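Chemist: Here is a sequence together with a model predicted from it:
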Amino acid sequence: MDTLVDLGNGFATALQPASLAFALLGVLMGTVVGVLPGIGPISAIAILIPVSFGMEPMHGLILLCGIYYGSMYGGSITATLIKTPGEISSAVTAIEGYEMARRGRAKTALATAAIGSFLAGTLAIIGLTFLSPVLVRLATVFGATEYFLLMATALLLASTMSSGSRTKALISVFIGLAVGLVGLDFQTGLPRQTFGISLLSDGIDFTIFAMALFAIPEAIRNLALGRGAKEEIQRFGDAKWMTKEDWKRSTGPWARGSVLGFIIGILPGVGPSLASFMSYIMEKRLSKRKDEFGHGAIEGVAGPEAANNAGVGGAMVPLFSLGIPGSATTALLLFVFTMYGLQPGPLIFRDESGLIWAIIASMYIGNIALIVLNLPLVGVFVKLLKMPKEILFSAILVLVTIGAYAIEFSLFGLMLLGLFGVIGYLMEKGGIPLAPSILALVLVPLLEDNFRRMLQISGGSFLPLITRPVSLSIVVLMLLGIIGPIVFRWWVRRRHLLMDVTVA
Amino acid sequence: MARPLTASHRRDLITGGAIVLVGVVYYSATFAIRRTDDIVTPATFPAIVGIALILLGGILVTQALMRRETPAEAVPGSSSTAGAAASAGEPGVVIAAPPEPRSKQVVLQFAIFFVYLAILIPVGFLLSTAAFLMGLTSLYAPDRWIRNLVFSVLFAAVVYFAFVYGLAVYLPAGILG
């Protein structure tokens, strides 16, 4: 009951004109940026973080959560119409959605994506609403050992669950950790890994790192490519949004995608991308029309898009209740919380209960805004796809430069931005995924702090890792997280389920 | 080792080697950290990270040398579109990898960007940004110089006023100030 009262109070705040305006603005901005080819949710949030600098914490966070959903839907539009997924979570939509668009069913693909996203997103937030208080109560028994383990699990899962080489994903994690350790040690105040550069003792700013990694390589690559063949933008067609048949075929995938996405989203270190791929595989397996998959099966859009958005709500559960981000995107949000001097976790529900419930309430509103704004306005968003590349990407470079300047107000900060841009480019060229390093960079202070406290309490012994019941359960989860994906891959390969989805 | 290395092997060799090097440099830097008598010293974590980077880089090199059959799961330079556990097999739906630009072009673009970063504060936001945008867009589409000029000047001005007066983020005024 308490939860409902808290949520009601949250709505009272979230429905105030200013909060409402920021929720709508966020969704709108997110969609606009997410539609831009090559810009996914992570890049969208990274580029737009500086906008929230001067805002009140609540408004800033409501805005960024809105940007998160908006950019996810924006990414689906791009994937459907020009087959350019902004990030991996919409890669499946780039297959099935694009095929639907080629057959003149773009409108239907976008509608099933939007409605599925709305339903799944709302269900996931309901899950978030009722699961978070439970987890918060559970978290009171968590000590340094458990927190250390949870964060280590998140990093480990982020690398084992990723799609390409696991070694490279782990390298990415350790690059993030390496960057995060630069600066003064928070316990002793001693400088570390500064290479004698005193300006580095403040550490490397997270936003600069995120912007450099997620905006600069993509912008430089596109500008360096020069004018090539024009991308073919699929037309809408005059077909109806959704026929009765479409509704019938979408309902099952929506429901299954929602549940799957939410559960996967909760797991630490596993973002929505895995959810959308698993939903695709599941729908293909369950479908009576397997031959339609790869040629525009509506189930292949409805399920993954629902899973994708349910995953967002799921990923918020560990973020809000434990302070542990499950993915690179939620890591960005965690950073924004700490930027405002807030620490998500059990205490935030006690000390800042008004704020956190208003944010949760605003997510319900954001989801409604998504469907109310986006379906009618989709024609306007599509125009953005025609924006000349040189304009888009040179403007993005200017925006991240402003962002870096607004953080450090120094040449040094600007040069760090450029340097990490080069590093990000080289990482991409070497096939090292960028997202795990962002997660690692956010987690490193907490990881190290809890690691130290754990060993100080135990007098240097690692035994508490397996002697405490809760920590032992996390260790088991961790092992499952390592073995699970291996079994899953083997199963997928054996059943030839994903054989025909090759990423060249 | 009779088989010639494929592009993907070569890439992994170089990447792995570079990571080992970074790890070595990072690990050596931990010796500069003053030791304390805690159980976990300030140098413990950085040392673990350095060693892990060396090991992982080594594993990547070893994997590249050991892999005999041509791999199909590699996703060159496209973390954004990387796929699931897809492997080679019958041809089907293929998400094309984004095309790779020429290295010379990439270096040029980065060089222009660094010049912009360097002159931003001394010259000021308005002038340096307009020049930077004009430079990039004109390299890309030289025939549309009027549009480029209008965009460069307008964008710089609008962004400047939006940030300075709207968001109270004071951008450098430079020589115009």
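Modeler: Yep, it's here.

Chemist: Three-state assignment for residue B:100, please.
Modeler: coil (DSSP: H, G, I helix; E, B strand; the rest coil).

Chemist: Does residue A:451 touch residue B:45 like I think?
Modeler: Yes: Residue A:451 is within contact range of residue B:45, at 7.3 Å (criterion: Cβ atoms under 8 Å). Every residue, glycine included, has its C-beta placed from N, CA and C.

Chemist: What residues of stretch A:48-57 count as buried?
Modeler: Neighbour counts over stretch A:48-57 (16 or more other Cβ atoms under 10 Å in any protein chain shown) mark A:48, A:49, A:50, A:51, A:52, A:53, A:55, A:57 as buried.

Chemist: what residues does it touch?
Modeler: A:22, A:29-30, A:33, A:59-61, A:63-64, A:67, A:207, A:210-211, A:332, A:335-336, A:339-342, A:355, A:399, A:402-403, A:406-407, B:167-169 (Cβ atoms under 8 Å, 6 or more residues apart in numbering or on different chains).

Chemist: quick revisit: so which one of the buried residues of stretch A:48-57 is the model least confident about?
Modeler: Ranked by pLDDT, those bottom out at residue A:53, which has 76.

Chemist: got the phi/psi numbers for that one?
Modeler: With angles defined as degrees, to the nearest 10, residue A:53 sits at phi -50, psi -50.

Chemist: repeat for residue A:183
Modeler: Backbone torsions for residue A:183, taken as degrees, to the nearest 10, come to phi 120, psi -170.

Chemist: Equivalent analysis for the one 4 residues further on, please.
Modeler: Recorded main-chain torsions at residue A:187 are phi -80, psi -40, according to degrees, to the nearest 10.

Chemist: Please identify the helix or strand for residue A:383.
Modeler: Secondary structure from DSSP states H and E places residue A:383 in helix A:353-384.

Chemist: who's sitting farthest from the centroid in chain B?
Modeler: Distance to the chain centre peaks in chain B at residue B:37, reaching 38.8 Å (criterion: Cα atoms, centre = their mean).

Chemist: so how far is chain A from that residue?
Modeler: Here the criterion is Cβ to the nearest Cβ, to the nearest Å. By it, residue B:37 lies 11 Å from chain A.

Chemist: My reading is that that residue is in a strand; is that accurate?
Modeler: No: if the criterion is three-state DSSP, then residue B:37 is coil and not within a strand.

Chemist: Quick one: residues contacting it.
Modeler: Contacts for residue B:37 (Cβ under 8 Å, 6+ apart) come out as none.

Chemist: Let me see the contact set for residue 36.
Modeler: With no chain named, the answer covers chain A. Going by Cβ under 8 Å, 6+ apart, residue A:36 touches A:74, A:78, A:86, A:384, A:387, A:392.

Chemist: ah, I was thinking of chain B
Modeler: Residue B:36 sits next to A:188, A:190, B:42 when contact means Cβ under 8 Å, 6+ apart.

Chemist: among those, which are in strands?
Modeler: With strands taken from DSSP state E, there is no overlap with the contacts of residue B:36.

Chemist: Just the closest residue of the stretch 201-350 of chain A to chain B, please.
Modeler: residue A:224 (3.7 Å; Cβ to the nearest Cβ).

Chemist: quick one: contacts for that residue?
Modeler: Residue A:224 is in contact with B:101, B:102, B:105, B:106, B:108, B:109, counting by Cβ under 8 Å, 6+ apart.

Chemist: With residue A:280 instead?
Modeler: By Cβ under 8 Å, 6+ apart, the contact set of residue A:280 is A:92, A:96, A:300, A:303, A:304, A:501.

Chemist: and it, what element?
Modeler: Using DSSP H and E, residue A:280 sits within helix A:272-286.

Chemist: hmm, the helix or strand following that helix touching chain B?
Modeler: On the C-terminal side of helix A:272-286, the nearest following helix or strand under DSSP H and E is helix A:299-322. No: in terms of Cβ under 8 Å from any Cβ of the partner chain, no part of helix A:299-322 sits within range of chain B; the closest distance is 10.1 Å.

Chemist: average model confidence for stretch B:59-74?
Modeler: With pLDDT averaged residue by residue, stretch B:59-74 scores 70.

Chemist: the helices in chain B, which residues?
Modeler: Along chain B, the stretches classed as helices by DSSP state H are B:7-29, B:44-66, B:103-123, B:125-140, B:145-161.

Chemist: okay if I get those as JSON lines plus distance to residue A:489 and mean neighbour count?
Modeler: Shown next, in JSON lines, are the helices of chain B (distance: least, Cβ to Cβ, whole Å; neighbours: other Cβ atoms under 10 Å in any protein chain shown):
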{"stretch": "helix B:7-29", "distance to residue A:489": "19", "mean neighbour count": "18"}
{"stretch": "helix B:44-66", "distance to residue A:489": "16", "mean neighbour count": "19"}
{"stretch": "helix B:103-123", "distance to residue A:489": "34", "mean neighbour count": "17"}
{"stretch": "helix B:125-140", "distance to residue A:489": "41", "mean neighbour count": "21"}
{"stretch": "helix B:145-161", "distance to residue A:489": "46", "mean neighbour count": "16"}
